[in-house]
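Just the structure for this:
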Amino acid sequence: MRSAMTRTLTALILAASLAAPLRAEEKIDSGAYLAARVAETENDFRSASGWYGKAIIADSENPQLLDGAILAELGLGDFSLAIDAAKLRKGLKGDPSQLAELALMADEAKREDYSAIIADTDGGRDLGDLANSLVVAWAKVGEGKMSEAIADFDALTKKKGYEAFGFYHKALALASVGDFEGADAILSGKAGGTITVMRRGVFAHAQILSQLERNADALALLDKAFGTAPDPVVDPIRARLKAGEPIPFDTVTSARDGIAEVFFTISTALNGEADPVYTLLHLRVAGYLRPDHSDALLMTADVLEELGQHDLAAETYAAFPPDSPTYVTAEVGRAGALRSQGKTDAAIDALQTLAKSHGDLLGVQFALADLLRAEDRFDEAEVAYSAAIDLAKAASQENWVLYFYRGICHEQSKDWDPAEADFRKALDLNPTQPQVLNYLGYGMVDRGENLDEALGMIQKAVAADPEQGYIIDSLAWAYFKLGRYADALKPMEKASLLEPVDPIVTDHLGDVYWMNDRKLEARFQWRRALSFEPTETDKTRIQRKLEVGLDVVMADEGTAKPAVKAAENGN
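Predicted structure coming up:
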């Protein structure tokens, strides 16, 4: 399925012919055109829109400019301008534009002109096999031709790679006209075997079960899919089901909604598998046809962040009102987008405000704690992690990360005892977790405490994650602290290959070389470490080593150890 859809979408973008040079005889604002192309390569849809608009003023019949403008406007989600450009583009002679056809199809679906959708598809419109088939099937639903629509969906269920799409959309179509029994038969796997559905599909099935007066089954479905932890989206539905209230089916209420769902489901299949611009185009169509499609909007913001368009992502997240069930998720996302723009204070303010209104949600406290920790505000982060731990109530394996991160906050605040307690609690919950084994082991090594236990922990971490440079560095450093300088050499060199520009790893490599009587190489590595911007404390120590040598520095610090034979004690 991936290769077929990727080929289709590659054609969609490449059909714009933006890589082709302009013909010499064309009169064009070359400065605007070049600026538009640069903006486009950077996925800066807003700038590209402005520059393509300027270029089109000089040449409104240039297909390349019009395709570029359509792409930019679709990227922005401005369908009014995209449709205008698409109409101009369709009127030109030459090869058809799939970008223009995508915008025009969205316009027809928005206006619920289903006969136009069918006619244009029959006339050669090509949005790709899957999209064409599903859109036409839903258009037939819109025209009341349910038997024909079902036949189209059934045809997809027999097409390799598209089976799940056919079954899922057939179920939604049946439910949209009140055939909840038929829809449940498909989603429960009774009709054609088990199909995997996304989060939105689970909600749709729960609504269908409720309409069949099977609230208990709907509750069981939600619990199985999402667990019983507090969730601002699931909790209101769960409460209504427990109260015996019938939940209306509103996942798809019209053929237009169905077409929106087509582009959303295709986008979820593409997400992470194809160029994110491809995914964004489908999400924009879904959001245009269904402005209240919260899942499409959230994914749109996520893809915009992936494309580096953090301002557009923040705007998309901000579109959710406080009474929306997905408001909390959107605000957490908006905080991330703000931080990516360098607006860290605004990001923290957003999460602190959210913690005041929704502080009973573990995810909110976790997000706030993570952001504070990332900004080295460890004391504040520790408070938020503690709040998250309190909300978690029963300590379970997945909560190891809360104790681990709180332990880091304690350790960074120079409060080792509670840090060690948290690390050990994390290991109680997840005994083989390499990050915790490494962090606790390295911490004890660095303090010169429990060195044999620390070495054992780090060796377990290496066994669990043998290609992680910072863990290999910990192993080498444990050997170094034990005075096993020859044993430290091989893992230290491997760590340096895995982390070639890390100042700490490079500094450690220099130390290991020095203690193995490779003084010139040691000084070379220390100079390299200085070029990688170490902390001021580390910088001062490295400079001192370059001046007087590691032996003197270790003697001054009281950390010198006699060399121990390689592989002593069998470790």
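
residues near residue 458, how many?
Applying other CB atoms under 10 Å, we find 29 residues neighbouring residue 458. All C-beta atoms are positioned from the backbone trio N, CA, C, and that covers glycine.

Mind pulling up the pLDDT for it?
If you check residue 458, the pLDDT there is 96.

Spit out the contact partners of the nearest residue to it once chain neighbours are set aside.
Distances taken as CB to CB, 6 or more residues apart in numbering put residue 441 closest to residue 458, at 4.0 Å, once the chain neighbours are dropped. Taking CB atoms under 8 Å, 6 or more residues apart in numbering, we find residue 441 in contact with 453, 454, 455, 456, 457, 458, 461, 474, 478.

cutoff 10 Å now
Counting by CB atoms under 10 Å, 6 or more residues apart in numbering, residue 441 touches 423, 450-451, 453-462, 471, 474-475, 477-478.

Filter those residues down to just the buried residues.
Buried members of the contacts of residue 441, scored by 16 or more other CB atoms under 10 Å, are 423, 450-451, 454-455, 457-462, 471, 474-475, 477-478.

Figure out the helix or strand that the residue most central in space within the chain lives in.
Centroid-nearest residue in the chain, with CA atoms, centre = their mean: residue 302, separated by 6.2 Å. Per DSSP states H and E, residue 302 falls inside helix 294-306.

Give the buried residues for the next helix or strand after that helix.
Downstream of helix 294-306, the first helix or strand assigned by DSSP H and E is helix 310-317. Judged by neighbour count (16+ other CB under 10 Å), helix 310-317 contains these buried residues: 310, 311, 312, 313, 314, 316, 317.

Switch those residues over to TSV; also include distance to residue 338 and pLDDT.
Shown next, in TSV, are those (distance: CB to CB, whole Å; pLDDT from 0 to 100):
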residue	distance to residue 338	pLDDT
310	8	97
311	10	96
312	13	97
313	9	97
314	6	97
316	13	97
317	9	97
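
Figure out the helix or strand that residue 119 lives in.
helix 114-122.

by contact count, what packs against that helix?
For helix 114-122, the helices and strands in contact under the criterion 3 or more CB pairs under 10 Å, 6 or more residues apart in numbering; DSSP states H and E are helix 98-110, helix 129-142, helix 255-270.

need those in CSV with mean pLDDT, can you?
CSV is the format used below for those (pLDDT from 0 to 100):
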stretch, mean pLDDT
helix 98-110, 97
helix 129-142, 97
helix 255-270, 96
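
With mean neighbour count and distance to residue 338 as new columns, can those helices be given to me in JSON lines?
Converted to JSON lines, those look like this (neighbours: other CB atoms under 10 Å; distance: least, CB to CB, whole Å):
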{"stretch": "helix 98-110", "mean neighbour count": "24", "distance to residue 338": "30"}
{"stretch": "helix 129-142", "mean neighbour count": "24", "distance to residue 338": "34"}
{"stretch": "helix 255-270", "mean neighbour count": "25", "distance to residue 338": "24"}
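
Is it possible to get TSV of the ones you listed that adds distance to residue 33?
Supplementary listing: the helices and strands packed on helix 114-122 in TSV, determined by distance: least, CB to CB, whole Å:
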stretch	distance to residue 33
helix 98-110	17
helix 129-142	30
helix 255-270	29
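
out of the ones you listed, which comes closest to residue 359?
helix 255-270 (31.2 Å; CB to CB).

And that closest one, how far out from the chain middle?
19 Å (CA atoms, centre = their mean, to the nearest Å).

And stretch 188-201, by the same measure?
Counting by CA atoms, centre = their mean, stretch 188-201 comes out at 24 Å from the chain centroid.

same deal with stretch 322-333?
With CA atoms, centre = their mean, you get 17 Å for stretch 322-333.

Give the buried residues for it.
324, 326, 327, 328, 329, 330, 331, 332, 333.

from these, which is closest to residue 29?
For the buried residues of stretch 322-333, the nearest to residue 29 is residue 333 (37.7 Å; CB to CB).
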